[in-house]
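Colleague: I'd like to go over a predicted model; first the sequence, then the structure.
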Amino acid sequence: MNHSTSAVLIAEFCQNNFTNLKGAKLDREYYYAHLPLCVIDAVFSMGVKYESVRNVVTRIEGLFQKVIYREYESEPINRTEQVSITDFQKKLANRTPEELATQVYGNKQRTSSQNGILKAEAVNLFLEVLVKYEVNYCQDVAKLIGNGDFKKDIKRIPGQASGICLSYFFMLAGNDNLIKPDRMVEAFLEGIVGRKCTLAESQNLLAEASDWLRGQGYEMNPRLLDNVIWNYQRKLVTIKG
C-alpha cells in the first residue's frame, strides 16, 4: 500500500505520542455478546458523549438476563446463548417509541435536532431492517458486507444518511477495517491534516496509517487505530476541560 504524506504524519504522531500503542486493546463494547446491543450502541452514540451510551446499556442489561460482554478477542458466542434480534424485538413489543425512550432506555435523545426521530424509534427501524435481511445473530452480519440494498435501507432511517452509524455498527459487530469518525476522531485528524476530512478521506487515512504502523511492528488495523485515537482525544479534551 502506498502511504500518503498525511497518513504517515498521523501514524508517526501516534507512534511518538501514544504510550499504549504497543499492546493496544479495543474497548469492551467491541465484544458485545448479543447483536441487538451493537444496534443500540451504534444508534445512541451518534452526536453525544459516550457516557450516555454506556448508561443506556447499563439500564437495559436486565432485558438480556445474560452476560452482555464476551471475553476479549473471543469469537461470537454460540447462537443458542445469544439474545437474537427477533428475541429482543419481542421484549420491546407493544410499547410506543416514547415509552421505550422513557421506560426502557431512559434516554429521549433524537437522531437529529431538526426533524429527527427518537433514537428509541431508530433502533426499532434498524432492527426491522436486519430482520428483513435475515440477520439475527452476530454470526449473520458477515453476509451484509457489501450489500448495497442493506446500506440504502439503513441510510433511509432518519438521522442515518451519513453512514457513520452503519460503519460503527459493523465495527461493533467485528469488522476490523472500518472506522467511526465522530467528533473526537474528526478533531484529531483535522489537527494533523490541517483541514476537515470527509468520511471517505478519514477511512482511507486511518487504513493507510494502520498499514504503516503494521510495517513498524505494531499489531494494528483501522478499527483499533480509530479506538486508540478516540481514547487519546477524549482524555485530551477532559484535561483541557
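Modeller: Alright, I've got the coordinates.
Colleague: Could you find the closest non-adjacent residue to I157?
Modeller: On the basis of CB to CB, 6 or more residues apart in numbering, the spatially nearest residue to I157 that is not a chain neighbour turns out to be L125, at 4.7 Å. Yep, even glycine has a C-beta here, placed from its N, CA and C like the rest.
Colleague: if I've got this straight, that neighbour is in a helix?
Modeller: Yes: with the criterion set as DSSP: H, G, I helix; E, B strand; the rest coil, the secondary structure at L125 is a helix.
Colleague: Run a quick neighbour tally on it.
Modeller: Each residue near L125 was counted by other CB atoms under 10 Å, and the total is 20.
Colleague: what does N16 give?
Modeller: Neighbouring residues of N16 were enumerated by other CB under 10 Å; the total is 8.
Colleague: in what helix or strand does it lie?
Modeller: Taking DSSP states H and E as the criterion, the element that holds N16 is helix 5-17.
Colleague: helix or strand right after that helix?
Modeller: Taking DSSP H and E as the definition, the helix or strand right after helix 5-17 is helix 35-44.
Colleague: Can I get that next one in CSV, CA atoms only?
Modeller: The C-alpha trace of helix 35-44 is given here as CSV (Å, rounded to 0.1, in the frame of the first residue of the first chain):
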residue,chain,number,x,y,z
LEU,A,35,-26.3,-8.3,18.2
PRO,A,36,-29.1,-6.0,19.5
LEU,A,37,-26.5,-4.3,21.7
CYS,A,38,-24.5,-3.4,18.6
VAL,A,39,-27.5,-1.7,17.2
ILE,A,40,-28.4,0.2,20.4
ASP,A,41,-24.8,1.4,20.9
ALA,A,42,-24.4,2.5,17.2
VAL,A,43,-27.7,4.4,17.2
PHE,A,44,-27.4,6.1,20.6
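Colleague: Okay, domains of this structure per the record?
Modeller: 5-27+179-240, 30-172 (automatic domain parsing).
Colleague: In terms of helices and strands, where is the residue of the chain most remote from its centre?
Modeller: The outermost residue of the chain relative to its centre, with distances by CA atoms, centre = their mean, is N94 at 27.9 Å. Here N94, judged by DSSP H and E, is contained in no helix and no strand.
Colleague: M171 versus that one, what's the distance?
Modeller: Remark: distance between N94 and M171 (CB to CB, to the nearest Å) = 32 Å.
Colleague: Next: L118.
Modeller: Plainly put, L118 is 24 Å away from M171 if you go by CB to CB.
Colleague: Which of those two has more residues huddled nearby?
Modeller: More neighbours sit around M171 than around the other of L118 and M171, counting by other CB under 10 Å; the figures are 25 against 21.
Colleague: could you dump the domains of the chain to JSON lines with mean pLDDT?
Modeller: As requested, the domains of the chain are arranged in JSON lines below (pLDDT from 0 to 100):
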{"stretch": "domain 5-27+179-240", "mean pLDDT": "93"}
{"stretch": "domain 30-172", "mean pLDDT": "96"}
